[in-house]
Structures are given as C-alpha cells and as structure tokens.
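**Q** Give me a 3D structure for the following:
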Amino acid sequence: MFRTLRRTTAPLSAAVLLSLAACGGGQATAPKPTVAATVAATVAPAATVAATVAPAATIAATVAPAATAAATAAAAATEAPAEANTTAEAPATTAEAIPAEPVVIGDLVTYKDKADLFQIDAPQNWTLEDVSTTDTLRLIWSAPSKTAALIVEIFSDTKTNTPEDLTSLLQKYVDKNFSSEPDFAVNSPKTQTDGSVLITWAFTDKGTKTKLLGNAFIEQRGTKVSVLSYFMPSDQVEGFKDQTSKILNSYKITP
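**A** Numbers count the residues shown, from 1 in each chain. Predicted coordinates for the structure are as follows:
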C-alpha cells in the first residue's frame, strides 16, 4: 500500500541571505532523488546518483532522453492530494532580476510509472522527459516557460541509511547540480514530519537573470531511496503555493 507523505517547504534563512548579500553568493558544504523498470532487481550503490546527475542548466532547458531509459509514461485521472505549506524566499543578490515568463501549471494528472515504483500528480501541460540510466530512474517534468521543473529520482540501496546518511546524499545532490550557479544559497537541512529530509536552495539563472527557488526532499522506503525536487522563479512561488503543495504531497512510493 502507499504511504501518504506530508511535505512542507521552508524559506531561506536570514543568515544565508545576509551572507549572500555581503559576498555575492554561497556554496553548499559538500554533501535529492528515486529506480527504473529494470532496476528493481540489481542497481548500483548510492554513490552512483551523485555522480550521474545532470547540471541545473540542463534541467531548466531541454533534456535529451537517455539511451538506456527504462520507465515509460502512463497517465491516469486527476486526483486531489493532501495539502502542505509551500512558502519560500529567494536569496538577496546584487544583480537586477528580470521578470520571468509566467509559469503555467495545468490540470494535475496522476502519473504511475510502468514498474509501479511510484506515482505523482504532475501538471498535464508540462513536458515529461525520461533520462533514466540502468541504475537510476530519473524523470523530469518541465514547464513550457522552461523556468520551472519537477524531478523524481529513485535508486536502490540495500543499506539502511541513517538520517545523517540521507542528509549527506541530499547535500551532495544539491551541491553537484546547483552550487556552480550564480548567487547560489542554501538552507540547513530540515527533517519533515514524514521522516524525509528537506533542503531549500536558490540561484540566479545565467541567461535571464531570473531568481529561482528550489526544494528537494530525500527519503528511503525499504530498499528504495528517493529524491523529489522542484524549482521555479522565486517571485512566483507564493502564487503557486496550493498547486505545489498538491503535487508534492501526491508523491507516493510503492513499498
């Protein structure tokens, strides 16, 4: 059976904002995320994930599907998920931000992967790309504006990771994918009521100078380690609080 999760996003801390304003950027202290249809039996250990993740610029633009992609799209009826609070803030920067093209979140449609590893309610008008490898299921939903994305990763790990282990994996994920971006700032990890760990980060898109805000959650259910993340323009986060809450809390991992 599925376990319903409660996920609450958090704003960037005042300390991070002040340090960013003073020096123009920050970086994570080195060390988010989920398994393809053919991976249920044998997969590589956790370290593989941190080494094979595409950079933020690739996620925000167009991502080419991997040749070894194993999961296929399957849509079901729209389903109303649980609620959560999704307020967050972007870091202060000296660069002048250019208003981003408005993000459009269409009707939510339940996506279930072919191997029945997870399900999530994703925007019907967002483009789904499968960039899975033989070791890791990785699906990316991109908004038409290309300034917002929803990412699911799952990989298998027979080790029972401690909260500290999961936090380290999540820090490495965020650091590898986003720390090289301009005005990068990151919050301290926060444990959620469902046992997952949350990290909130922010950066400025190099091309549009748009400030983007991201949230990443990591958890382990049995032998499945999952990272669920998303980012969008920081000045549009508040307006999409209800929709993002529904999306995040609709995410269910099959035990």
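**Q** Roughly how far does residue 204 sit from residue 185?
**A** 10 Å (Cβ to Cβ, to the nearest Å). Glycine gets a C-beta too; all of them are placed from N, C-alpha and C.
**Q** So which of those two has more stuff around it?
**A** For residue 204 against residue 185, the residue with the higher neighbour count under other Cβ atoms under 10 Å is residue 185, and the figures read 29 against 23.
**Q** So that one is in contact with residue 201, correct?
**A** Yes - between residue 185 and residue 201 a contact is recorded at 6.6 Å, counting by Cβ atoms under 8 Å.
**Q** Where does pLDDT dip in the stretch 1-150 of the chain?
**A** When residues are selected by pLDDT under 70, those of the stretch 1-150 of the chain lie in 1-100.
**Q** and if we set it to 50?
**A** Segments of the stretch 1-150 of the chain classed as low confidence (criterion: pLDDT under 50) are 1-6, 11-95.
**Q** So which residues of this structure form strands?
**A** 108-112, 118-123, 127-130, 136-142, 149-156, 185-186, 190-191, 197-204, 211-221, 224-233, 252-253 (DSSP state E).
**Q** helices or strands up against the longest one?
**A** Secondary-structure packing of strand 211-221 (3 or more Cβ pairs under 8 Å, 6 or more residues apart in numbering; DSSP states H and E): helix 163-178, strand 197-204, strand 224-233.
**Q** related to what we said a few turns ago, for the strands of the chain, which one ends up most surrounded?
**A** Mean neighbour counts were compared across the strands of the chain using mean count of other Cβ atoms under 10 Å; the top stretch is strand 185-186, at a mean of 28.
**Q** and that strand, average pLDDT?
**A** Strand 185-186 shows a mean pLDDT of 94 in the predicted model.
**Q** next one: stretch 152-170
**A** The pLDDT scores in stretch 152-170 average 94.
**Q** How about stretch 222-232?
**A** Within the predicted structure, the mean pLDDT of stretch 222-232 is 95.
**Q** CA atoms only: put it into CSV for me.
**A** This file holds the C-alpha atoms of stretch 222-232, laid out as CSV (Å, rounded to 0.1, in the frame of the first residue of the first chain):
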residue,chain,number,x,y,z
GLY,A,222,12.6,-0.2,2.1
THR,A,223,15.4,-0.6,-0.5
LYS,A,224,14.3,2.5,-2.5
VAL,A,225,16.0,5.8,-1.9
SER,A,226,14.1,8.7,-3.5
VAL,A,227,14.7,12.4,-4.2
LEU,A,228,11.8,14.6,-5.1
SER,A,229,12.7,18.1,-6.2
TYR,A,230,11.3,21.2,-8.0
PHE,A,231,12.3,24.7,-8.7
MET,A,232,10.6,27.8,-10.1
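**Q** circling back: could I get the strands of the chain in CSV, plus columns for distance to residue 171?
**A** Shown next, in CSV, are the strands of the chain (distance: least, Cβ to Cβ, whole Å):
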stretch, distance to residue 171
strand 108-112, 28
strand 118-123, 23
strand 127-130, 25
strand 136-142, 18
strand 149-156, 15
strand 185-186, 8
strand 190-191, 12
strand 197-204, 7
strand 211-221, 9
strand 224-233, 11
strand 252-253, 21
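**Q** Tell me which of the ones you listed lies nearest to residue 167.
**A** For the strands of the chain, proximity to residue 167 was assessed by Cβ to Cβ; strand 197-204 is nearest, at 5.2 Å.
**Q** CA-only coordinates of the closest one in CSV, if you can.
**A** Listed next in CSV are the C-alpha coordinates belonging to strand 197-204 (Å, rounded to 0.1, in the frame of the first residue of the first chain):
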residue,chain,number,x,y,z
VAL,A,197,14.7,15.5,4.8
LEU,A,198,14.3,18.9,3.1
ILE,A,199,16.9,21.2,1.7
THR,A,200,15.9,24.6,0.2
TRP,A,201,18.2,26.4,-2.2
ALA,A,202,18.2,29.4,-4.6
PHE,A,203,20.3,30.7,-7.5
THR,A,204,20.1,33.2,-10.4
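**Q** helices or strands next to that strand in the packing?
**A** By contact count (3+ Cβ pairs under 8 Å, 6+ apart), the secondary structure elements abutting strand 197-204 are helix 163-178, strand 185-186, strand 190-191, strand 211-221.
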